[in-house]
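Asker: Requesting a structural model of the entry that follows:
(chains A and B)
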Amino acid sequence: MRYLPLTPEDRSEMLGVIGAGAIDDLFVDVPAEARLPGPVPGLPLRATEMTVERHFSALARKNKAASDHPFFLGAGAYKHHVPASVDHLIQRGEFLTAYTPYQPEIAQGTLQVLFEFQTQVARLFGCDVANASMYDGSTACWEAIGMAGRVTRRKKAVLSGGLHPHYVSVAKTMARFTGDVLDTATPSLDGTDLERLIGAIDAETSCVVVQYPDVLGRIDDLSPLAAACQAAGALLIAVVTEPVALGAIKAPGEMGADIVVGEGQSLGVGLQFGGPYVGLFATRDKYVRQMPGRLCGETVDATGKRGYVLTLSTREQHIRREKATSNICTNSGLCALAFSIHMTLLGERGLRDLAALNHARAVQTADRLVAIPGVSLVNDSFFNEFTVTLPKPARQIVHDLAAKGVLGGVSLGRLYPGEAALENGLVIAVTEVVTDEDIAALEAALKEVLA
Amino acid sequence: MNAPNTAGWRPELGEAHIAGDETFTGNRALMLDERLIFEIGDASTTGVDIDPAPAAASRLGNLARSEAIGLPGLSEPETVRHYTRLSRQNYGIDLGFFPLGSCTMKHNPRLNEAVARMKGFKDVHPLQPRETVQGALAVIDELAHWLVTLTGMDSVAMSPKAGAHGELCGILAIKAALEARGEDRKVILVPESAHGTNPATAAFAGFSVENIPATEAGRVDLAALKARLGPDVAGVMITNPNTCGLFEPDLKAISDAVHAAGGYVYCDGANFNAIVGKVRPGDLGVDAMHINLHKTFSTPHGGGGPGSGPVVLSAALSPYAPLPYVKREADGSLRLVEEETAADDQPASFGRMVAFHGQMGMFTRALAYILSHGADGLKQVAEDAVLNANYVLRSLEGVLDAPFGHSGPCMHEALFTDDGFAEGFSTLDVAKGLIDEGFHPMTVYFPLVVHGAMLVEPTETESKAALDQFIGALRSVALRAKQGDPALKSAPHFAPRRRLDETLAARKPVLAWKGDKAEG
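Answerer: Next comes the predicted model:
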């Protein structure tokens, strides 16, 4: 087997050093009846690299890749162009095959990247401080709710109807076991639910969770909500699923959000059918000791040279065990690296240019689509994603569009099954990868399938 | 803090100043320091060419971001150089032996990277219509079949994002099963030697955690466990092989006793590498076990993730498995079971743990690894991993204290302690000494059940020559610790940094660069 360096001679020599007669002498602690006499039955045996590659090539061909089609899906995962150097750099063995920087003297590469990443995320979100990443946006969102509970010592969270339904589902799953009380709602096509959120805040409220832009792509000024939260001693949690938006619109931190979490997949990571992604988590300095996840901090070495270490680990499970701020152990290191490299390549100027291009493309697309009879725009405002209503349920339309080679968006019927008021809604994301031809293709295909 | 960088130009030394081992730049040949992007980049530089935006009226709702963000950019060549230079300050498996116990730092095959990057996998959106993602669903289904078969379990929940997330999945399934039985059991029993994630997970799910003691031989004390079982005990969380690197020979008896008392058995599968293809946890009565794909199945550790933690479940817990999962239809096509059809497909599911469907990029890599080995190769993996660990154990037990060496063979990792070191010398010194020898140190100070633990996990992808070199180096460093060599106290001497001041980092946290802001 090509990955196993020991030769038969090595094995017998090593057994001799150990003083064992046969390999099974080393498995004596396994009860005899549980020891398999041979390979696990019912499974194939080893395969060459070429054979494995062919198997995957055949499976990959059964999927329609985003880059091969006019592509307009978003709803929490976005197709952006990732510069070739990003993937090259994250495949450097020193990054790819390192682990958590437990020995900082030989992990300064990872640690400095994390310090830079934390600073980039904090600035993008308009916050003081960010952690070294979480699993993804949905788990970061729940961790934020948990943190708000620790900070406020309250148990009621008010969730906006505009929060991604998967994020709501994750929170509901967790809350069922932790005893947190969630006030949730489905989105309305008539407008966002800022007033409902402000009205729901009371003395028991730990936090309000609002997505920005929301799952339908709408953008609200969060300042009034932040003020209402502050007045009641509750925290405002803003969730950003499209970080590129913050190259164009105000950061939630600038508007008074106490915790800003997000999905960082848009930068560097790619679609990957849903994972691995990278959760972003930022907050105010004063709450840092209640933060979940790993943190990298600056220090000096024995000669006074600047260096970086993992720090404030007394919050974490390997020290605090059952009293930890979270059970989280891994972060999403390699995806955080990809995010950080892409952000460094962009810089502020590139991010703003990219955001402007995304927005302009989305505006162009929206204008073209609403000219189709029966199609209307739900949004007053949007960044690179908006929702239209169609004259019939959007779910089937998505399949019809796919049959014409157009991946045309995410139906609200898929996101909110059984919600009749939403079933004609189609969420359309338009990024820099969308060409004029793609917009024309979507327009033409939509006309045909609605005809 | 954000002290001025000491690695940059140092004009105060003078143009021709070379004193001792000082250099003008602070660099030393291939030892290159690298400043922060905030010190070398600026907001007006970009390494990406972007098409100009077409004219379009803004629909941003008067929320345009007007203030400076403070994100520096670098050109592409500067970016490549920045990260390449940083990478060289890291140790990785590609560079050498990385025996981090309990972390299973094995070779990461590049075939796995190649298949994960096939366009049909990396460039597919999680919410595409199912007829456009049949190949992606087939990867999940095929990997699920392997995991269920290798473990002898009933089903597998694929969506957990990492090991600790998998633990949470298993514990929530147990909690849901108890709720369905109308029972409110509050206690989870956890051995003293457990990973910190175990008690943290149980507490997160609202259980109270009680420790169970270990025997002299480093195993769970079966009698003490049995004595504690009762109607308030929801279950146990046991790591097998355990964190001392030992197989729990009584696991079947433990499972039987826990089941008889109405509880469930969670097995932490972090150490599955020692038994994969050799023993099926299902045969030992386990109800739930997470599998770290980044350990046993070689997906890259990436400097701290992403992980992936599918959870295999017994028939008793399968009805409570989370959404979504992949289901094969009668016509052979695959679909995702999500909230929409949960009432029909999985009415008792405890719900969704994560947006979308799990770590697809890790599934492709793990499946490529599994198919490459096959059932026969995986058995060889476990055997070679255990052989290598025992070779290390027996080669070093004469110089290092092996607390359980007397009780028989170890599994995939060898545990040593600091017993016999000179006054003032610690496990930390040995670890730092190994850095100077060109190795990544073993796991230190874990498990907590022995003093100054050193946990060596060689894995199966090391050659005998690599093991012999490490054994020689560790023997040498251990002898220096026993003899009290003062130079060891200040190791490492040859790494990119000397020992770092972790106390300072925690006492005065500097978690973001603020060098461009006025300091208060």
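
Asker: Surely A:Ala238 forms part of a strand?
Answerer: Yes - the assignment for A:Ala238 (DSSP: H, G, I helix; E, B strand; the rest coil) places it in a strand.

Asker: which residues touch it?
Answerer: A:210-212, A:222, A:252, A:255, A:257, A:259-261 (C-beta atoms under 8 Å, 6 or more residues apart in numbering or on different chains). Just so you know, the C-beta spots here come from the backbone N, C-alpha and C atoms, and that holds for glycine as well.

Asker: next one: B:Ala55
Answerer: Counted by C-beta under 8 Å, 6+ apart, B:Ala55 has contacts A:Ala360.

Asker: go on, B:Gly245?
Answerer: Neighbouring residues of B:Gly245 by C-beta under 8 Å, 6+ apart: B:101, B:271, B:389, B:404, B:410-415, B:455, B:457.

Asker: SS state for it?
Answerer: coil.

Asker: Leaving out chain neighbours, which residue sits closest to it?
Answerer: In this structure, B:Gly245 finds its nearest non-sequential neighbour in B:Glu413, 3.8 Å apart by C-beta to C-beta, 6 or more residues apart in numbering or on different chains.

Asker: just to revisit the earlier point, separate out the buried members of the contacts of A:Ala238.
Answerer: Using 16 or more other C-beta atoms under 10 Å in any protein chain shown as the burial test, these include A:210-212, A:222, A:252, A:255, A:257, A:259-261 as buried.

Asker: State the pair within those residues that is farthest apart.
Answerer: A:Met255 and A:Val261 (15.0 Å; C-beta to C-beta).

Asker: check contacts around the closest residue to B:Met442 other than its chain neighbours.
Answerer: In space, not counting the residues next to it along the chain, B:Met442 is nearest to B:Val456; the distance is 4.4 Å by C-beta to C-beta, 6+ apart. Counting by C-beta under 8 Å, 6+ apart, B:Val456 touches B:99, B:101, B:389, B:392, B:413-416, B:442, B:474.

Asker: Neighbours of residue 44, how many?
Answerer: Picking chain A for this. Neighbours of A:Pro44 under the rule other C-beta atoms under 10 Å in any protein chain shown: 12.

Asker: nope, chain B
Answerer: B:Ser44: 11 neighbours (other C-beta under 10 Å).

Asker: mind listing what the closest residue to it other than its chain neighbours touches?
Answerer: With C-beta to C-beta, 6+ apart as the criterion, B:Ser44 has its nearest non-adjacent residue at 5.3 Å, and that residue is A:Arg349. With contact set as C-beta under 8 Å, 6+ apart, A:Arg349 has these partners: B:43-46, B:73.

Asker: Out of those residues, the closest to A:Val430 would be?
Answerer: The nearest member of those to A:Val430, counting by C-beta to C-beta, is B:Thr46 at 21.7 Å.

Asker: My read is that that closest one contacts A:Gly350, right?
Answerer: Yes - the criterion here is C-beta atoms under 8 Å, and B:Thr46 meets it with A:Gly350 at 3.5 Å.

Asker: Overlap in contacts, the two.
Answerer: In contact with both B:Thr46 and A:Gly350: B:Gly73, using C-beta under 8 Å, 6+ apart.

Asker: what about the lengthiest helix in chain B and chain A, any contact?
Answerer: Secondary structure assigned by DSSP state H gives helix B:360-396 as the longest helix of chain B. Yes - applying C-beta under 8 Å from any C-beta of the partner chain, one finds helix B:360-396 in contact with chain A at B:360-362, B:364, B:368, B:371-381, B:383-384, B:386-388, B:390-391, B:393-395.

Asker: Relative to chain A, how far out is B:Val187?
Answerer: Per C-beta to the nearest C-beta, to the nearest Å, B:Val187 is found 12 Å from chain A.

Asker: Tell me which stretches of the stretch 101-250 of chain B form helices.
Answerer: For the stretch 101-250 of chain B, the helices defined by DSSP state H, counting those that start in this stretch cover B:110-116, B:119-122, B:134-151, B:163-180, B:197-204, B:222-228.

Asker: got the contact list for the helix or strand hosting A:Leu426?
Answerer: Assigned by DSSP states H and E, A:Leu426 belongs to strand A:425-429. When contacts are defined by C-beta under 8 Å, 6+ apart, strand A:425-429 is touched by residues A:72-75, A:78-79, A:189, A:215-217, A:362, A:365-366, A:369, A:378, A:384-390, A:394, A:397-398, A:408-413, A:415, A:442.

Asker: ok, 7 Å please
Answerer: Residues from elsewhere that reach strand A:425-429, judged by C-beta atoms under 7 Å, 6 or more residues apart in numbering or on different chains: A:72-75, A:78, A:189, A:216-217, A:365, A:378, A:384-390, A:394, A:397, A:409-412.
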